[in-house]
Each structure stands twice: as C-alpha cells, then as structure tokens.
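Asker: sequence and computational prediction follow.
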Amino acid sequence: MKSSTVSFAAENVGVNTKELSCWTKFKRFFDDRGFDLEFEYDNVRALHTVVEIQHNAKSYRQIDETNKVKVESETNRRVSKSVVKKDDEVGCVSKPVVKKDDEVTGVHFYEQLAPKSDDAKVENDLRKRPSLTRHRVSVRPSISLTKIAEEIFGDTEMDDVEENRSLPPSNIPAALLYSPPEPLELLCVFPERASRVCAAACTAAARTGGEARAVRSAREALDAFRRDPDSRLPHVVVVDARQPQALDASLLARTIRGIKNTQHVVLVAVVKKSAYLKDDFAVLPYLEAGFNRIMVETVSATAWCAEILQARAAAASARAQVGAVAALSAAADRCRDLVVVTDDQQRILFTNKSWTRMLGWRTDEGPRSLTETVGGEALRLAASGARDWEAPVLLRRRAAPDPILLPCRGSTIALARSASHVVFVCEPGTAGDGERARGSLHSIRRGSLDVRSVASDGLRRTSLAKLQGLPLEAPITKVISLLSAATEGAPPSTVACIERAVDMLRTSELYSPQMKEDPRLRAEDPIATDLIGALLSQGPTNVLSSRRSSNDSTIVRSQTNRTNIKHKTSGQLRELLDTALSWEFEIFRLEELTRGRPLAHLGLALMGGRFDVCATLECDERTLLHWLTIIETNYHAVNTYHNSTHAADVLQAVAYFLEKDRLKTLLEPLEAAAALIAAAAHDIDHPGTSSAFLCNARHPLAILYNDVCVLESHHAALTFKLTLNDDRVNIFKNLDRETYKTVRHNVIDMILATEMTKHFEHLAKFVNVFYAKGNGSKEDGMQIDEPLSLDTTALSLPENVILVKRMMIKCADVSNASRPQKFAFEWARRIAEEYFLQTDEEKARELPVVMPMFDRATCSVPRSQIGFIDYIIIDMMEAWAAFIDMPELVNHARNNHTRWRELDEAGVSSLADVKRAQRQQAIQAPPTSTTEPTAEE
Ligand SMILES: Nc1ncnc2c1ncn2[C@@H]1O[C@@H]2COP(=O)(O)O[C@H]2[C@H]1O
C-alpha cells in the first residue's frame, strides 16, 4: 500500500529526455518505497527552483531559506549534515548531493528522525514513518537534473535509465521521428458554463506555456477540426464525460477520430471520481470510442499540468510516428519496385502503387493474404523469420493466369523481439506486359529523344552527359539511342512497343532471372519453387563441418592415390570403359568397380584415349593421370551427390556431346580439351552445401569471393592452383603463353557457366542467338514452346561459340535428369539426401534454411523432381537437343517426369517410399539394362 503522496514542483522539467529520465528515476525511487508520486511542472523561471517532496504528514515543518543548506564541497557536506542534524525535526535521509562545481549546490531529502544516509536506512525509515513531513530539494536555477540524478543514484543506475529509454527501433531513422516543439493547443469541451475542472485544465495549459480554448458543445468542438483548415489542430482535447445527457463524449470522440489526420490528437475523457472508483468502471468503452486517456475529475491545476504534459508528449510522439509512416508510404508509392507489407501472419497490410499497377489487384479488392498472390522462396524465407533476405518471388496477377518471377528483397521488422511486419520489395526488372518497368522511358522522357533525355534525374543526366563527351559508347547506349530516335513521328502503337523494348534494355540484368511465363510455373508448388528459388539465388540466406572441409592439404593426399590407379583396372572395368561413349553408360557401376575413383579411370579413357588430350596439350599420359588423380582426390567422397562420380558423369556427358556432328565440326581440339578439363574439375572441393549456405555461415570462401559465385569461383581457382602448383600434374606446362591463356579462359568460363543463378541468362542468350523467331512473340527470349527454328548461321561469330560451350557444360551438369530412369532416380536420391543434410546442418547451427522444403521429414522427392524438370530441364534440353540433334535428352526427361508424376499421384513422397516403389516396378518389369545403380539402402 502506498503510504502517502509526494509531489514535485520543478522548472522546465521534461525539456529534454535526459532530464525526463531523471524524473523517472526519482519516481522509481519513491515508487519503490511505497509513495505515490506526482510531478508538478512549472514553467515560471525562478531564482531558486524549489523541488518539494511533500506528503500528508502529521507534523509538518517548513524549511525556510535559512534552513536550506548549501553545500559547496565534500567538507561542507559533512558540515551540512551536521547542520541539519542540529535541527530537532529534520534529518538527512538520502545521500546528500555534493557537487564541486557551481551548478549544483545540493539536493537533500530530509525527514524528521532519520539520521543516516544509507539507502536501506532510508527505506526503512520511510516505511516506518508515514509521518515524514517534508523533503526539500534545493537547487540553483542552472541545475542539471541529470546531474542530480547521477549524484543521487550513482552512475550505474543512470546508465540503466539511458538504456531503458525508448529509443526508436534501429530500422527507423531517428530523424524521421522528429517532432518540432510547439506550444500546446488545448481544447476543452465542457457543457457546464463555469466548470472548475475546465478552468483548472485551462490554467494548467497556460502554465505549460500553451493555449487553451473552452467550448460547450460537440458541434463547437468539431468546428475546431473542420472549419478552418489552416488553423492548427488542438494537440489535446479534454472532453467532459460526466454528463452523458448534456454531452455524448463517446460520440464526439468517434466523430473526431473519423476526421482525417486526427490520429495523433490526444483525447482525454474526464470522468467522475465516484464512477471511476466503482468496481464496475469500464475503461474499454472509452478506448474503443477513441479516447487515449481517462482523467478523474479534479480542480487541481497541478494535476492537470501533469496530465496535459503527458498528453502533449503522447501527441507529439504519435504525430511524429504518423508523419513518419505517411512519409514512408508516400516514398513506397513513388518507387518503381513493387512493395508489399504484411503482418507476421502474412496478411497484407499495404501495397504500393507499382504493385497495384503491375499485378492488377486494387488495394480494396485484392487478396488479403500474401499466399494468395505470392509464392516462391521469398515467401518461405519470410515465414522463417529471417531478418533480411533476397530470393526470387512468384507473383500472381489478377488478369493473367501465369505468375511472374521477380527478384525480391525482404525484411522482417521486429519490435520487442517478435516480428510485427514483413516487407517485400520486388524488382520489376524487365518483367511484365505493358506495365512500366524500372527506368521506363515513358515515365522519364522529356521531349527530346537523345540519350541525355533518357536520364531520369539530374545526377544521371550529368553522368550520361559526361559519358557522351568521352569517346566511349556501349552498344546498349547506341541501341537505346537508335530505338528512341525511331519513335519520332511513329504511330502510338509503335512508340509503345519501342518504349517497352527500351524499358527492357535499360535493365542491367537483360537475361536473368526472368523466366518465361510458362503455364508450368505453378506458384502453388512450394517444393519446386523452393528448389528453383535456391538454385537461382546466391548470397547469404553454414562453417563447413569436418566432412565438408576444404582445401589446401590436397596435394599431399593425392600422393597416396596416384599409384593405385593402374593396377586396379580389371577386365570388368576395361569392358565397362569401352562403353564410355554411350548415353546409358553405367556410371554407378564404374563408381563401384573403381571403389569411388571413377573420375581418374573414366578421364584417362576419354581424355587420354578417345580425345587424345595429351596430344593437344603436348603433355604425357602420366601427367594427365596425375592431374586426374589430384582432381579426383579433391572431390569429397562423403558428399552423396557432389563427389567425383558426379564429376565423372558430367565428363561423360560432355564427351558424349562432343561426339555429336555439330560440335565435332564446330570445336577445335583445344576447345574440346578445355571442355573436358572443365567438366572433370567443375565441382572440385564442393563442400556438399550451396554457396548460399557458405555465405550464411560466413565461410572463408564466401568472404574471399564476396558472396558472389562462391563455389564456382573456388572450383575454377582451385583447379588452376592445383594444376600449376606441381609440374608432375601440370597438364599445361608445355603450352605456349597464348595457348595457355586460351585454354585457361575457356576452362574458367565453362566452370563459371555452371553457376545456376545465371541459368536463365545462359539459356536465353543461347536461344536468342540460335533460334529464329517463330510465329509468336519471342521478345523475352524464352518462349521456346513456339516451333523452334534452328539457325546456326550465328556460329561464325566466336562469341556465339562461347554460348555453345557454356550450354554444353550446363546441360552436362544437370543431365542426370535426362538420363535413363534408373540413373536419373539414383541421382535424384543423391541430390535430395545432400539437400537434406544441408537443411539438417542449417537447423543444427541455427542458420537460415536455404531450402526449407528440403526437410527429410516433409519433403516430397517426386515433386521436387517434377519441379526441377519443369522449370530447369525441359526448356534447356529442348534447345540443346535440337542443336546437337539428340532427341533422347528430351525423351528421357519426359519419361522421368511421367514416372515421378505417377509416384506423386500414388502418394509416394520420401526417399524410402521412392526406393520401395522403384523396387516394385523393377520386380514387375525388370529393366533391360544389366546393371542396377548402387543405391544405398
Ligand atoms: N536431379 C536434380 N534434382 C534437383 N536438383 C538438381 C538435380 N540435379 C542437379 N540439381 C541441382 O542443379 C545444380 C547444378 O549445379 P551444381 O552441380 O552446383 O548443383 C546442382 C543441384 O543443386
């Protein structure tokens, strides 16, 4: 129970937050000791600001000026204490405050009989003696309350107070919450003509340096809001809620809240004390009506001062927050990115104009839940609570059946540790039909059509103008200039087409990652979108465990294996290697026969044998053997998928492709050798986790390569490091400088081309160059469902041959899905297991889960494969198969797709289920091929 009330009066309290925090400390000090504390703030400047701590006391003793102790130094402090103690009725109960400088003369708490100044004693005395009469704090006008508090409570506690202060969340710039100090405007609505309560409130307003206005009816009150749009709105409105028959306070509050821009006005309801103290007094109806606070009727101007100051602070803070939100939503509305904000349950709270424009959902009629509009990796990352992420997002449009895929950046806003909002910002890039994408020429063109006019702002214009002054011109600049010039005098439909083309050209990502709007793209397919999202995104979204470590102890390890290779070549192995150029090559049998060293054996057979790489590189076979061995040794045998069997498989596919007429005639032996080298080494030292994992785990490789193309950069770099490090493995040692440069360039380019984030870029370039336009529009370069018409005239240009080589290794890299079913299924098992291990590790290490759908407990393997074939394989294999005349690539992919679909429809989901179903199928229809893959149980 509180024993009494203490009130403070002070000058200009609350002027700054630091001082406020001091008062908070004072309050806490007394609260803790069982006192109700009231502050009275007085703006009147006085020579001496007297802070009185006063409560109802039996014996009251005035401490007058003469009794007031001024303490100037430590010595004096003791003196002062003794002076005080000399007084019969006053003792010092708190730490006397002593300040050596001139600012503070002393802060003293007195009570009648408490002689000691230790806190415990103080507490005891204050509790025991409700007769405590009067505390007096004497300070000079220049006093800093902060200093007083520091003196009383010590530095440590002060620090606490600072920390506890409610700073804006770090993601809201403090400057945005700036609220200019304004004199208070108070509006009192009291039906009674001479209400004393109203008068006290008005007096208090004047004391706080503000202005008050009293009105008697709701109508007059509303006039203050409606009539004069130029006049300032009151900050605080005090409404008499004691006489419902004379004034319907709730109705007035509701009406005020219905008026625009009144969110930050603080509404105070004055209620009868008798009603307030009743058990059944209900606060909620007031809050629901729009009141912020309830004040018990009082005629104390002091009490009103406190109330009004609190209300003013609340109003200022609310106004600053509303202003900040309005500014940020206006900014979002004016940007070209698509912005959507949801709550933590993925309910849409806000969409910006670009969102509405591009997706066609009106704010008032669109889906309320994000999942109705949005799919893909972004959605899952958002649901995972990750703070900041980047991932592709699939967006459903109102008028079009097919979703569009856009890159998306997102953030989870967490206040008080739990997520409150999630922000999605999707870059329109080149996507969309008819909508104005980033940098739309339409939106930025100003009359003239030269390049300068393309600039959207002063800065860009300046830099473009500078660029124009230089003898530099990128082809894209020329193209945009030409296209822009072509709009002059053109019919509107042509202008519209050209503007759209220019919009697309103006993005830096001309090819990726815009997928064609294929009906097969199903936003509702979470596993596929998870997989595709992860494959297409890089960067942060795991430190390698020992099973996945890299990288420099490699040469030593290679020594032991090198000598093993020849004598393990058995008759069976030789027989198998004779079939190395078959698309049904038994890769898993090779893995088994070579005891996990398929690459060196197959490499020797293909590179050394069939393609005679040694002759091309002018190296001996032994060096090639050593090279293959060291490369193989640097694959991680513990990886289920990214091990040297995968490398051997890709090598085999590349060799197979190279045998096709188109490539045989197109590629030089050196290019073929480079392709085989790249294939063999393309995933060297793969840790079994994705680049995104490494970024999230802040792995040294991610640091080294700045989160960009981490793994592929590492594969390429390590290949050369190992090769050049030791003459015994250096297959390039006899090449002249130029030839070496060419091979190196080719190898690096092909390894980097296996990076999946650039998948669509490589595919689109290939299709654009080698396939003539069909009847339909192929402007996005991806509509290869149109009858393809292969046009190989472009092969005469060396830069287009590069596209072929990239496509070749890319297709080989994921060719597992285009292999006969038994191989494809085993590869699917292996990759799924590797993904699951990554997810396990991410969870164990509390890292962001890159592909949450690849959780062994829940993942449907058939669906993941259906998605992979739908989104990644089919289009690419169709383009490549037609180019090299290898229809079986597409046929196998389609057959596998059909089988995965059957399994899915039969409810097969987990790896074990898949295995069981495959066994049953094998029993019912034994495979034609002799060897089964060596799938582990
Ligand atoms: N059958 C498959 N199912 C799902 N993903 C695959 C499959 N084959 C290859 N991939 C993915 O495609 C990626 C190609 O590049 P990587 O070898 O680095 O990693 C590969 C896997 O992440």
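Answerer: Received, thanks.

Asker: interface residues of the stretch 801-937 of the chain facing the ligand?
Answerer: 813-814, 816-817, 827-828, 831, 865, 868 (Cβ under 6 Å from any ligand atom). Using the backbone N, CA and C atoms, a C-beta is placed for each residue, glycine as well.

Asker: which one of these has the most neighbours?
Answerer: Across those, neighbour numbers were computed from other Cβ atoms under 10 Å; Gln865 holds the maximum, 29 neighbours.

Asker: show me what contacts that residue?
Answerer: 817, 828, 896-897, 900 (Cβ atoms under 8 Å, 6 or more residues apart in numbering).

Asker: swap in 10 Å and give it another go.
Answerer: 527-528, 531, 817, 824-825, 827-828, 831-832, 873, 896-897, 899-901, 903-904, 914 (Cβ atoms under 10 Å, 6 or more residues apart in numbering).

Asker: how about Trp627?
Answerer: 558, 600, 603, 607, 613, 617, 619, 677, 680-681, 719, 722-723, 726, 728-732.

Asker: again, but for Pro491
Answerer: Per Cβ under 10 Å, 6+ apart, neighbours of Pro491: Cys497.

Asker: does Val189 really touch Leu252, like I thought?
Answerer: Yes. Proximity of Val189 to Leu252 meets the contact threshold set by Cβ atoms under 10 Å, at 6.7 Å.

Asker: next, show the common contact partners of the two.
Answerer: 217-218, 221-222, 237, 239-241, 267.

Asker: ChimeraX command for the buried members of the residues you listed?
Answerer: With 16 or more other Cβ atoms under 10 Å as the criterion, this ChimeraX line picks the buried residues out of the shared contacts of Val189 and Leu252:
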select :218,221,222,237,239,240,241,267
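
Asker: now distance to the ligand and secondary structure too, for the shared contacts of Val189 and Leu252, in TSV please.
Answerer: Shown next, in TSV, are the shared contacts of Val189 and Leu252 (distance: Cβ to the nearest ligand atom, whole Å; DSSP: H, G, I helix; E, B strand; the rest coil):
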residue	distance to the ligand	secondary structure
Ser217	73	coil
Ala218	68	helix
Ala221	67	helix
Leu222	65	helix
Val237	63	strand
Val239	65	strand
Asp240	71	strand
Ala241	66	coil
Leu267	59	strand
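
Asker: which parts of stretch 699-706 are buried?
Answerer: 699, 701-702, 705.

Asker: buried ones among the contacts of Trp627?
Answerer: Judged by 16+ other Cβ under 10 Å, buried ones among the contacts of Trp627: 558, 600, 603, 607, 613, 617, 619, 677, 680-681, 719, 722-723, 728-732.

Asker: those residues also near the ligand: which ones?
Answerer: Checking the buried ones among the contacts of Trp627 against the ligand (Cβ under 6 Å from any ligand atom), there are no matches.

Asker: return the set of buried residues in the longest helix along the chain.
Answerer: Longest helix in the chain by number of residues (criterion: DSSP state H): helix 301-334. For helix 301-334, burial by neighbour count (16+ other Cβ under 10 Å) applies to 301-316, 318-321, 323-324, 328, 332.

Asker: report the mean per-residue pLDDT for the host helix or strand of Glu390.
Answerer: If you go by DSSP states H and E, Glu390 is part of strand 388-395. The average pLDDT within strand 388-395 is 79.

Asker: try stretch 398-408
Answerer: 76.

Asker: put the alpha carbons of it into CSV.
Answerer: Extracted C-alpha coordinates of stretch 398-408, given in CSV (Å, rounded to 0.1, in the frame of the first residue of the first chain):
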residue,chain,number,x,y,z
ARG,A,398,-5.2,-10.5,-61.5
ALA,A,399,-5.7,-10.7,-65.2
ALA,A,400,-3.2,-13.3,-66.2
PRO,A,401,-3.2,-17.0,-65.3
ASP,A,402,0.6,-17.3,-65.1
PRO,A,403,2.6,-15.9,-62.3
ILE,A,404,5.7,-13.8,-62.9
LEU,A,405,9.1,-14.4,-61.3
LEU,A,406,10.9,-11.4,-59.9
PRO,A,407,13.9,-10.9,-57.7
CYS,A,408,12.7,-9.8,-54.3
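
Asker: could you give the backbone dihedrals for Arg698?
Answerer: phi 50, psi 40 (degrees, to the nearest 10).

Asker: which single residue in the stretch 351-500 of the chain comes nearest to the ligand?
Answerer: Glu377 (13.6 Å; Cβ to the nearest ligand atom).

Asker: look up how far Ala386 lies from the closest residue to that residue other than its chain neighbours.
Answerer: Closest residue to Glu377 apart from its sequence neighbours, by Cβ to Cβ, 6 or more residues apart in numbering: Gly533 at 2.5 Å. Distance of Gly533 to Ala386, given as Cβ to Cβ, to the nearest Å: 13 Å.

Asker: just to revisit the earlier point, show me the residues of the stretch 801-937 of the chain next to the ligand that map onto strands.
Answerer: Per DSSP state E, strands hold no members of these.

Asker: among those, name the ones in helices.
Answerer: Per DSSP H, the subset of those in helices is 813, 827-828, 831, 865, 868.

Asker: Ala331 and the ligand, how far apart?
Answerer: Distance of Ala331 to the ligand, computed by Cβ to the nearest ligand atom, to the nearest Å: 38 Å.

Asker: check what pLDDT that residue gets.
Answerer: 84.

Asker: contact partners for it?
Answerer: 339, 352.

Asker: which elements pack onto the longest strand seen in the chain?
Answerer: When the chain is scanned for its longest strand (criterion: DSSP E), the result is strand 404-415. Applying 3 or more Cβ pairs under 10 Å, 6 or more residues apart in numbering; DSSP states H and E, we find strand 404-415 packed against strand 338-343, helix 353-359, helix 377-383, strand 388-395, strand 418-426, helix 526-536.

Asker: can you redo those as CSV with distance to Thr594?
Answerer: Formatted as CSV, the helices and strands packed on strand 404-415 follow (distance: least, Cβ to Cβ, whole Å):
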stretch, distance to Thr594
strand 338-343, 52
helix 353-359, 54
helix 377-383, 38
strand 388-395, 39
strand 418-426, 48
helix 526-536, 30
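
Asker: so can I have CSV of the ones you listed showing mean neighbour count and distance to Ser369?
Answerer: Converted to CSV, these look like this (neighbours: other Cβ atoms under 10 Å; distance: least, Cβ to Cβ, whole Å):
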stretch, mean neighbour count, distance to Ser369
strand 338-343, 22, 8
helix 353-359, 21, 14
helix 377-383, 25, 11
strand 388-395, 24, 14
strand 418-426, 19, 12
helix 526-536, 26, 15
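
Asker: rank these by pLDDT, which is bottom?
Answerer: Minimum mean pLDDT among the helices and strands packed on strand 404-415: helix 526-536, a mean of 73.
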